[in-house]
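*Asks:* dropping a prediction and its sequence here:
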Amino acid sequence: FRTDAGQASAQARSDYFLDSADRCHFFAEPGAVDPGTGALCVPRAEALNKAGHGMHLADDVFGAYARSAAIADLPRQLGWRAPVVPQSMYIFKQPRVGGEVTSHQDSAFLHTAPRQTCLGLWLALHDATLENGCLWVRPGSHREPLRRVFVRNAAHFGGDRSAPQMVFEACAGAPPVAWEGALPEGSSPLPAEGLFAAGFLPVEVRAGDLVAFPGTLDHLSLANASAAPRHTFQLHLVEGPGAGVRWSEGNWLQYPAGKPFMDV
């Protein structure tokens, strides 16, 4: 599984990725696998990039968290009216091999109409620091329009199996950023002067802290080159039909016909 500039080509040809929408599938960290032999370069317990994308449906512990009173109350305090949970992920950000996550807006992958309603709930399970790959966010970017969307490719699903399953499409009228799908120049190594120059700020948190942010926020994280893990559990909520909002039919994540998203 890739979260760098190669993500479109990696995820766009995988039924295993598509089929993870309402299940618990496991995705390896690219840096943990020898590209020549396919053998693991690290201990098996440190080889995973993430598990997803239906953790709240496939596991009782994560399901109980997603259905908890605290999770139900928070989005309503923030103005959400009828939130549902389409996606959940356990992100490992492994020591030494945990890869970078390039600049993106979560609504690019979880878009809704007639407006963007994604809300990310990012629960730190370890301290997240500059050294082990904490979040970086660009303050004020949540007011910007959605720049692009990751959609199911009509050519592939129309019969051309040589075409990628998913593609990025630019959103009309959205001003581009120079680092779209990448990192701003000078982002690494630390002190990451290029990130500060581009307007990003680090969000260092303690284990147990919850970071909540809308799906239009421009954010990223750097690779974890340290010896410390940086696990997180992430829920992504959107407004449901009760708020007059519909899930895009073009989104990569689609449940089997007739299966609704979990109400919060």
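*Replies:* Thanks, I have it.

*Asks:* let me see the contact set for residue 137.
*Replies:* 200-201, 203, 213, 217-219 (C-beta atoms under 8 Å, 6 or more residues apart in numbering). The C-beta positions use only the backbone N, C-alpha and C, and glycine is treated the same way.

*Asks:* got the contact list for residue 109?
*Replies:* 149-150, 251-253 are the contacts of residue 109 under C-beta under 8 Å, 6+ apart.

*Asks:* residue 236 versus that one, what's the distance?
*Replies:* 8 Å (C-beta to C-beta, to the nearest Å).

*Asks:* so what's the residue count around residue 158?
*Replies:* Applying other C-beta atoms under 10 Å, we find 8 residues neighbouring residue 158.

*Asks:* isn't residue 150 right up against residue 252?
*Replies:* Yes: in this structure, residue 150 is within contact of residue 252 by C-beta atoms under 8 Å, at 5.9 Å.

*Asks:* find residues that contact each of those two.
*Replies:* Counting by C-beta under 8 Å, 6+ apart, the residues touching both residue 150 and residue 252 are 109, 166.

*Asks:* nearest to residue 61, of the contacts of residue 109?
*Replies:* residue 253 (21.7 Å; C-beta to C-beta).

*Asks:* contacts only, for the closest one.
*Replies:* Residue 253 touches 21, 53, 86-87, 109-110, counting by C-beta under 8 Å, 6+ apart.

*Asks:* so which bits of stretch 241-258 are buried?
*Replies:* 243, 245, 247-248, 250-254 (16 or more other C-beta atoms under 10 Å).

*Asks:* give me the phi and psi for residue 219.
*Replies:* phi -150, psi 170 (degrees, to the nearest 10).
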